[in-house]
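**Q** Let me see the structure of the following:
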Amino acid sequence: MISRFVANGRVFSIVQTPTSDIRRTELTITLRGAHGWDFVVPGWRDVSFGISGEIAYVWSARSIIVLPSHKDADPKVIPFDEEDIIVVFVAGPCWLLVCETSVWLIGPDGEKGQAHFREVVEEASFDGHIVVVRDVDSAEYRFEVSATNLVEIIDS
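**A** The predicted model follows:
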């Protein structure tokens, strides 16, 4: 499967090649006018895409690939082995990862804030300041992103 997307004038092509092993999908990412990069990612979740300002990224179940901002740069891989990633947001200098049963805030120096839930996450949204997570039982959790910490908002 070939996907294309545009991020601030950069055209990326992403070729996904499934393998016979569900644990592996091969990705080739190309930035128009540059060479391509090859990656092996888990195959049990779909590869997803995100854009936030100048930052374009791709994620799989266990890593984020930050795409280059120009043709002379290389992608940066951020591994994450704690739990399957469902959705990824950019939160200032941090990465906000919503996973199957948790949410993680990963700072620029690798510091981590986290919160865990009793049930599987069904959906999440982020407005740049507050992340809202809803689980399969319709329980809703709200957290303020404060520097590299997640502060739960308790309604009184």
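
**Q** And what about the residue minimising distance to the centre of the chain, helix, strand or coil?
**A** Residue closest to the average C-alpha location in the chain (C-alpha atoms, centre = their mean): Val88, at 3.1 Å. Here Val88 is recorded as strand under DSSP: H, G, I helix; E, B strand; the rest coil.

**Q** Okay, it and Val120: tell me how far apart.
**A** Val88 is 17 Å from Val120, where distance means C-beta to C-beta, to the nearest Å. Backbone N, C-alpha and C define where each C-beta goes, glycine included.

**Q** looking at it, Arg4 is touching Ile29, isn't it?
**A** No: judged on C-beta atoms under 8 Å, Arg4 makes no contact with Ile29 at a distance of 10.9 Å.

**Q** Are there residues contacting both of those two? Which ones?
**A** Phe12, Ser13, Ile14 (C-beta atoms under 8 Å, 6 or more residues apart in numbering).

**Q** Can you tell me the SS state at Thr28?
**A** Taking three-state DSSP, the label given to Thr28 is strand.
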